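Trainee: Take a look and give me a structure for this.
(2 chains)
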Protein chains: 2
Amino acid sequence: MLLLGVALAQNVTENTRDRESSVFGYVAFPRVFDGVLVDNLETPVQFRGILYLSFAAWNAWCNYHPTAVDMFGRDKFKRPAEEHTRDNKNVAVLYSLYRVYQASPHSFGGAQGLPLYRQMMREMGYDPNDQSMDLTTAVGIGNRAGRDTARLMRMDGWNGEGDISGTPKGYRQPFLDYTNYIPKNTPWRLRYPFRWQPLLENNGRGFFFRQESVTPYAGSAIAFSLTPEEVKRRKVPSPYKKGSVQAKNALPEDIKTLKRNAKEVLEVSRKLTEMQMIYAELFDNKAKAFRTKENPFGLGGIATAIRFSVLAPALDWNLDEEMIYGLGANIATFDSMVTAWKEKRRVDGVRPTGQTMEYLFGEKQFSVWGGPGRRPVKIRAGDWSPFIRTMPHAEFPSGSSCACTAVVEHALINTKNRDDFPFRFTVPKGSSKFYPGQLPSRDTDVEIKTLSEWAQLCGESRLYAGVHFKPSIQAGSDLCKGIAQSAQELTDKLVAGSLDAKWMKWLPEGADRFWETE
Amino acid sequence: MLLLGVALAQNVTENTRDRESSVFGYVAFPRVFDGVLVDNLETPVQFRGILYLSFAAWNAWCNYHPTAVDMFGRDKFKRPAEEHTRDNKNVAVLYSLYRVYQASPHSFGGAQGLPLYRQMMREMGYDPNDQSMDLTTAVGIGNRAGRDTARLMRMDGWNGEGDISGTPKGYRQPFLDYTNYIPKNTPWRLRYPFRWQPLLENNGRGFFFRQESVTPYAGSAIAFSLTPEEVKRRKVPSPYKKGSVQAKNALPEDIKTLKRNAKEVLEVSRKLTEMQMIYAELFDNKAKAFRTKENPFGLGGIATAIRFSVLAPALDWNLDEEMIYGLGANIATFDSMVTAWKEKRRVDGVRPTGQTMEYLFGEKQFSVWGGPGRRPVKIRAGDWSPFIRTMPHAEFPSGSSCACTAVVEHALINTKNRDDFPFRFTVPKGSSKFYPGQLPSRDTDVEIKTLSEWAQLCGESRLYAGVHFKPSIQAGSDLCKGIAQSAQELTDKLVAGSLDAKWMKWLPEGADRFWETE
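Mentor: Numbers count the residues shown, from 1 in each chain, chains lettered A, B, ... in the order given. All right, here's what the predicted structure looks like:
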């Protein structure tokens, strides 16, 4: 068996060796998925991809655990205790991940990682073409778990294969909206000043495009630790009393609020410090941020960073503990995104960018950030743009502050509320993705002292980034409090051998409940 | 001197050696620009990039020619006859291209090619940091020509640096529209059935976006062999009598015409042959298409293919002849694109894609192409999509048939109307960019017997591709007849030592005519 992984912790205990053998977290992720999944997908699609990889791994692994059941609540494939070896767990996961990736490569960033995955399998001594379904072997357990996870993916309401409306092969558009979301504002005219407007983006080389709201169905498709009712009940009030009116009918107090929010964004831009820029970029990428020698997985976005770089070494998890933590963290992340998306679509709030500034301030000039190493510049409000890209979905609430709240709450549950896990790293000079070679202007030490501080910085950083008005940040955090608890309860039950099948309540009538019949 | 180039012709004559020493065509293009410029830019931006590289090369080279003057009509930098060596020409071009690339990397596809270019210079024994303006040396001649060409680029009305409207540094968006083009239709509703609608595109991995018309100012910014008046006078009548009305006011005969055109597109799709797919893809990329072992520059799109793979070896040009042909060909291509863009914006015609089919045919089903190797499938008309991407600009007329007409006319002028230059190549199995591994289903021989046939196939292929209605193709060809003649006349005069300064008529009042004063 060649599944060795990377030795990351300095004091290599038996738990460390066990944990770092994990095929998903420590082998396949850095070697294959990091490169395809992370850079090529919009955030919600990325979260979904990571979740299903996590499910595929879980559904294979659980059969080599004393009590755990799979995401379908099944224990019938469980193997006897003497087979609960590290190798069996990892081999089953190796095949399961491969099958789910192979079944829908575009869901995980594209097929370009498949040859890498196959090569990795071969180097480990395993045959990617072994399609055995012999459930007495780890290969068969893995193949079966991967197949079943892939079947679940096809019924989750994300239109991941583009066939929801019966479109024939060759004309399918994976992830195409089928819920008829049409923005109230066109990209060319802000007629409803509080409603979302698709933004103009460009690649800096003459290719311009207008945004299409990404996965507008995400709030009504599926969650795993929350029922449809529970998601619907979670709400945060819009900052605007009459948020759906045209400009001529806008309440003066709403315009005042919008103006105050907008001025705050410009003011933050004017005062932007280099440390704030670092945080803005660090928390923008949900799965991979600044990568350093000390952090071979990159900072990995908040969820990955807390899991791999903070808690795993500090608590010295073994493989099973790592697997259990990972499942809960991924469910908490996904379900919080679902909840945020539901509210984003309901409130449909306007962003600071687009024609908002021009509408509010016309030709009026403001002092704003002048670029890396430059002094603030005076600029027409409408010419301002944020420090980093504004993503293609509505303003309110912040999905980041929602997800970060869930991730940190989940972490705190697992540390029994111990908060002081200091984390230090150095952001190398010039390592910025958005301003490469220019930011940071020098090697910069960052220290995050507690788990709570991650959530706080994550929220604030969206204001530094210029992508949100301030009220959206608190709202995201308020909205998603407690979701981690639901994710943890689902996980705890699965480990103990039962399923709280909330996710099945999302399935359409007539869904093929193959796990009950096969 | 290490400027050797690649020996392509089989019988290596002195002319061949001379021609293939050309730094632009045979050294820097395949080594640097092919990789950055061709894949990273929308077609009009690409055409502009190639044109300015061509100008930069010309403005350096002409000083080592007995009579030629630069694009500004100047002869004052010309060098004495004894310096008219191959090395001097190539060294001057080497520096000139570098300066123009360095001045606006995004105009040529991005800065990622700059290190390659510098490395290439060093390997040839030249110092990229040599900024000498000593006009008695080839380095100085090249640096000056590059600088002046780059200054011209900044006043050509393309907003290539994003500063036309005075936007400060850090907030500039190169190539941003400043002419306020707003489509009559929103992406979400086809209200004006004959007018352009921005299309929905996606990357197959959940990232969807709506098109923004690319460089809508291209028809009113600059041309080089045509005056503003000459471009304005060139017109082709829209296929629709009342093309600007809303659906409720549409003329029945116009709806009938649109339906007939639409059915023709679906019918072509149903009958699509593999050879037609090959042509569709071949002529889609204007600067690089199927690349084969026999064609190291790729087929290179029609202009490049005819220049490098057909005429250069057949007529055995020397370096000067290659340079002169290249300038004329690039001006003809650019000016025809300008003329097509002007008409595209004026007519603002709807494409076959978008909501056109749904508007015309509702739920009605049609048999269409079923994908590589598959039989036709029945599909709701609105679910149909073309064989390849539909580009982000209006339908009428076809820019391809316009540009191909100009390219072939220019070729025929230079062969004194000799048409029979047969060209053969093999398209390797599975080498398709759009359907890699699937198309073609076998190695496929393609033969294009005459220069005229290139233009004909180029036009037709847009119908195979599904990106145009049929009338647009003839219209593109009609519109652009004779532009090659203008381009040739400009070139002939430049070679003979005078400038027909039509392009200067495009400059805004108060433009800094630095070439007159410095």
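Trainee: what does the stretch 101-250 of chain A have sitting close to chain B?
Mentor: By CB under 8 Å from any CB of the partner chain, the residues of the stretch 101-250 of chain A that approach chain B are A:106-107, A:109-110, A:165, A:167-171, A:173-177, A:182-183, A:186-189, A:198, A:200-212, A:214-215. C-beta coordinates here come from the backbone N, C-alpha and C atoms, glycine included.
Trainee: now the strands: where do they sit in the stretch 251-400 of chain A?
Mentor: A:365-368, A:377-380 (DSSP state E, counting those that start in this stretch).
Trainee: Could you save the ones you listed as a markdown table and add columns showing mean pLDDT and distance to chain B?
Mentor: Conversion of the strands of the stretch 251-400 of chain A to a markdown table gives the following (pLDDT from 0 to 100; distance: least, CB to the nearest CB, whole Å):
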| stretch | mean pLDDT | distance to chain B |
| --- | --- | --- |
| strand A:365-368 | 97 | 8 |
| strand A:377-380 | 94 | 4 |
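Trainee: In stretch A:459-474, which residues are buried?
Mentor: Buried positions in stretch A:459-474, judged by neighbour count with 16 or more other CB atoms under 10 Å in any protein chain shown: A:459-473.
Trainee: the domain parsing of chain A - what is it?
Mentor: A:12-182, A:288-352+A:390-498 (automatic domain parsing).
Trainee: Among these, which comes closest to B:Asn90?
Mentor: Taking CB to CB as the criterion, B:Asn90 comes closest to domain A:288-352+A:390-498 out of the domains of chain A, the separation being 31.5 Å.
Trainee: For that closest one, give the mean pLDDT please.
Mentor: Taken as a whole, domain A:288-352+A:390-498 carries a mean pLDDT of 92.
Trainee: re earlier: out of the domains of chain A, flag the one nearest B:Asn417.
Mentor: Each of these was scored for nearness to B:Asn417 using CB to CB, and the closest is domain A:12-182 (44.0 Å).
Trainee: That closest one - what's its average pLDDT?
Mentor: Throughout domain A:12-182, pLDDT has a mean value of 95.
Trainee: what about that domain, how long is it end to end?
Mentor: Distance between the boundary residues of domain A:12-182 (CA to CA, to the nearest Å) amounts to 55 Å.
Trainee: Tell me the gap between that domain and the middle of its chain.
Mentor: Per CA atoms, centre = their mean, to the nearest Å, the displacement of domain A:12-182 from the mean C-alpha position of its chain is 17 Å.
Trainee: Stretch A:342-351 too?
Mentor: What separates the centre of stretch A:342-351 from the centre of its chain is 18 Å, taken as CA atoms, centre = their mean.
Trainee: could you check whether it is close to chain B?
Mentor: No. On the criterion CB under 8 Å from any CB, stretch A:342-351 is out of touch with chain B, staying 14.3 Å away.
Trainee: Quick check: buried residues in that stretch?
Mentor: Of the residues in stretch A:342-351, those with enough neighbours to count as buried (16+ other CB under 10 Å) are A:Lys342, A:Glu343, A:Lys344, A:Arg345, A:Val347, A:Asp348, A:Gly349, A:Val350, A:Arg351.
Trainee: try stretch A:364-383
Mentor: Neighbour-count burial for stretch A:364-383, counted by 16+ other CB under 10 Å, picks out A:366, A:368-372, A:376-377, A:379-383.
Trainee: mind listing what A:Gln246 touches?
Mentor: Taking CB atoms under 8 Å, 6 or more residues apart in numbering or on different chains as the contact definition, A:Gln246 lies against A:Arg191, A:Tyr192, A:Pro193.
Trainee: give me that answer again for 7 Å
Mentor: In this structure, A:Gln246 makes contact with A:Arg191, A:Tyr192, judged by CB atoms under 7 Å, 6 or more residues apart in numbering or on different chains.
Trainee: For A:Pro193, see how far away it is.
Mentor: Distance from A:Gln246 to A:Pro193, counting by CB to CB, to the nearest Å: 8 Å.
Trainee: Put together CSV for the strands of the stretch 251-400 of chain A, with distance to A:Lys263 on each row.
Mentor: Compiled in CSV, these are given as follows (distance: least, CB to CB, whole Å):
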stretch, distance to A:Lys263
strand A:365-368, 8
strand A:377-380, 14
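Trainee: Dump the C-alpha coordinates for stretch A:121-128 into CSV.
Mentor: Included here for stretch A:121-128 are C-alpha records, laid out as CSV according to Å, rounded to 0.1, in the frame of the first residue of the first chain:
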residue,chain,number,x,y,z
MET,A,121,-4.2,5.5,-8.8
ARG,A,122,-1.7,3.6,-10.9
GLU,A,123,1.2,4.9,-9.0
MET,A,124,-0.5,3.7,-5.9
GLY,A,125,-0.8,0.3,-7.4
TYR,A,126,-4.5,0.5,-8.3
ASP,A,127,-6.3,0.0,-11.6
PRO,A,128,-8.6,2.8,-12.5
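Trainee: follow-up on the earlier one: what's the farthest-apart pair in the buried residues of stretch A:364-383?
Mentor: Spanning the widest gap among the buried residues of stretch A:364-383 are A:Pro372 and A:Gly382, at 22.5 Å by CB to CB.
Trainee: still on that earlier bit, of the residues of the stretch 101-250 of chain A next to chain B, select the buried ones using a PyMOL command.
Mentor: Provided next is the PyMOL selection string for whichever of those are buried by 16+ other CB under 10 Å:
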select buried, chain A and resi 106+107+109+110+167+168+170+171+173+174+175+176+177+183+186+187+188+198+200+201+205+206+207+208+209+210+211+212+214+215
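Trainee: Dihedrals phi and psi, A:Phe108?
Mentor: Torsion angles at A:Phe108 (phi, psi; degrees, to the nearest 10) stand at phi -120, psi 20.
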